[in-house]
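Trainee: coordinates for the following, if possible.
(one chain, ligands or ions: 2)
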Amino acid sequence: MSKVTIVGSGNWGSVAAKLIASNTLRLSNFDDEVRMWVFEETLPGGEKLSEVINKTNENVKYLPGIKLGKNVVAVPDLENAVKDADMLVFVSPHQFMEGICKLVAGKIKASAEGISLIKGMEVKKEGPCMISTLISNRLGINCSVLMGANIANEVHDVEGVELCGTLKNIVAIGAGLVDGLEMGNNTKAAIMRLGLKEMIAFSKLLFPSVKDSTFFESCGVADLITTCMGGRNRKVAEAYAKNGGKRSFDELEAEMLKGQKLQGVLTAKEVYEVLSDRGWTEKFPLFSAVNLISQGLLPPSAIVQHADNNSR
Ligand SMILES: NC(=O)c1ccc[n+]([C@@H]2O[C@H](COP(=O)([O-])OP(=O)(O)OC[C@H]3O[C@@H](n4cnc5c(N)ncnc54)[C@H](O)[C@@H]3O)[C@@H](O)[C@H]2O)c1
Ligand SMILES: O=P(O)(O)OC[C@H](O)CO
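Mentor: Ligands and ions are numbered 1, 2, ... in the order given. Purely as a prediction, here's the structure:
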C-alpha cells in the first residue's frame, strides 16, 4: 500500500494534508496514515506545534478551526517523515526548498514519486530553476506539479502551470498596491491584464514550449483573479501602499500574516535578476516596477504610472 507524506504544514500544506487524508481513507491502495512534516516551533503557551497538532488534530497556528482528520500525523523530524513514503507532496514556501532538499536527499525510497504544490522558483547564475526541477534534480525522483485546479499531466505543460503559480504572486503585489492607493477597479483590471501579458511573455521566453492555453486554465487566469482579489500578497501590498512605503514588506508580513510567508516579493526580486541579466527589464515594466517598489527603490505610486504607460 502506498504511503503519503506531506512536506510542509503551513496554511496550504495543512489544507492539502486534510484533503489527501480524506482520500487515503477511501482508496484501498493507500495506507490510511498521512504523515505531515512540521517545521517545529514553540507556541506562545510553551507547547510544541507538532504535539498540539497530534493532540487536537488541528494546525492551531496555520489553519485554526479546521480538523485535519485523525489519520494525519504531524512529524517534526524530516528524515523520519519522508523515509517510507511512496508519494511526497511538497508544499513549503519556495525559499526553504533548497535546504529541505539537502536534508531529504538520499533519505527517501528510490521509487518515490513527488508532486509540488509550491508557487515559486529559484534563481541561479546559470538561470532560473523551477521548484519541481530542483526537487527532481536533488532527489532523483519524478516531480509533477499541481496548481489551480489542474493536474499538470492533464494539460501537458508542467513549466507553464508552474510559471503561472509563480508569476501571479508578482501581479498580486501590483494589484494590492493599487488597492492601497485607492485607484479603483479600472486601474486594478489594467494591472491584472498587463500582469497576465507579462506572465505569458516571460514564460515563453524562458520555455518556448509553454502553451498559451495553459494561461486560460484554472492555474492561470483563475488563480490570478483569486490571488489579486483575496490573497496574502495583495493584502500585505495594500498595507504597504497605505503606509506610503514607510513600513517594509518584511515588517508587515510578520505583523499581518503571523508566520505565514509571502512569495511575491522574493519572486519579483528573483525574476528581476533574470530580467536584468538578460536585458529584458523594459519588456516587463510591471514585473520590474513591483520589484523596485517592494525593495523601497520606487514609491508605491510608480505602479500606476507603469500600468498607465504600458496597458494600452
Ligand atoms: N496559502 C494558500 O492559500 C496557498 C494556496 C496555493 C498555493 N500556496 C503555495 O503553497 C506553498 C506553501 O505555502 P503555505 O501557505 O502552506 O505556507 P504558510 O505561508 O502558511 O506557512 C509558512 C510555513 O513555512 C514554515 N517555515 C518557517 N520557517 C521555515 C524554515 N526555515 N524551513 C522550513 N519551513 C519553514 C512554517 O512552519 C510554515 O509551515 C507556497 O509556495 C504557496 O505559494 C499557498
Ligand atoms: O495568498 P497568496 O497571495 O499567497 O495566494 C494564495 C494562492 O496561491 C492563491 O491560489
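
Trainee: Gly10 and His94 touch, don't they?
Mentor: No: if you go by Cβ atoms under 8 Å, Gly10 and His94 don't touch, sitting 11.7 Å apart. The C-beta positions use only the backbone N, C-alpha and C, and glycine is treated the same way.

Trainee: more neighbours: these two, which one.
Mentor: Per other Cβ atoms under 10 Å, whichever of Gly10 and His94 has more neighbours is His94, with 24 against 21.

Trainee: residue contacts, the residue found closest to that one once you drop the neighbours it is linked to in the chain?
Mentor: Excluding the flanking residues, the one nearest His94 by Cβ to Cβ, 6 or more residues apart in numbering is Gly120, at 2.6 Å. When contacts are counted by Cβ atoms under 8 Å, 6 or more residues apart in numbering, Gly120 touches 93-95, 97, 131, 165-166, 169, 263, 266-267.

Trainee: Gly120 and ligand 2, how far apart?
Mentor: Using Cβ to the nearest ligand atom, to the nearest Å, Gly120 is found at 10 Å from ligand 2.

Trainee: phi, psi for that residue please.
Mentor: For Gly120, the backbone dihedrals are phi 170, psi 170 (criterion: degrees, to the nearest 10).

Trainee: with secondary structure, pLDDT and distance to Trp37 added, can I get the contacts of Gly120 in JSON lines?
Mentor: What follows is those, written out as JSON lines (DSSP: H, G, I helix; E, B strand; the rest coil; pLDDT from 0 to 100; distance: Cβ to Cβ, whole Å):
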{"residue": "Pro93", "secondary structure": "coil", "pLDDT": "97", "distance to Trp37": "13"}
{"residue": "His94", "secondary structure": "helix", "pLDDT": "96", "distance to Trp37": "16"}
{"residue": "Gln95", "secondary structure": "helix", "pLDDT": "95", "distance to Trp37": "16"}
{"residue": "Met97", "secondary structure": "helix", "pLDDT": "97", "distance to Trp37": "13"}
{"residue": "Ile131", "secondary structure": "helix", "pLDDT": "95", "distance to Trp37": "16"}
{"residue": "Gly165", "secondary structure": "helix", "pLDDT": "93", "distance to Trp37": "21"}
{"residue": "Thr166", "secondary structure": "helix", "pLDDT": "95", "distance to Trp37": "22"}
{"residue": "Asn169", "secondary structure": "helix", "pLDDT": "97", "distance to Trp37": "23"}
{"residue": "Gln263", "secondary structure": "coil", "pLDDT": "95", "distance to Trp37": "19"}
{"residue": "Leu266", "secondary structure": "helix", "pLDDT": "96", "distance to Trp37": "22"}
{"residue": "Thr267", "secondary structure": "helix", "pLDDT": "96", "distance to Trp37": "23"}
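
Trainee: which of those residues are close to ligand 1?
Mentor: The subset of the contacts of Gly120 within reach of ligand 1, by Cβ under 6 Å from any ligand atom, is 93-94, 263.

Trainee: reformat those as a markdown table; add distance to ligand 2.
Mentor: Below are those laid out as a markdown table (distance: Cβ to the nearest ligand atom, whole Å):
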| residue | distance to ligand 2 |
| --- | --- |
| Pro93 | 9 |
| His94 | 11 |
| Gln263 | 6 |
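
Trainee: need the residue closest to the centroid of the chain.
Mentor: Centroid-nearest residue in the chain: Lys119, 2.8 Å away (criterion: Cα atoms, centre = their mean).

Trainee: what's the closest non-adjacent residue to the residue in the chain that ligand 1 sits nearest to?
Mentor: Residue nearest to ligand 1 within the chain: Gly10 (2.2 Å; Cβ to the nearest ligand atom). Among residues not flanking Gly10 along the chain, Tyr62 sits closest, at 4.8 Å (Cβ to Cβ, 6+ apart).
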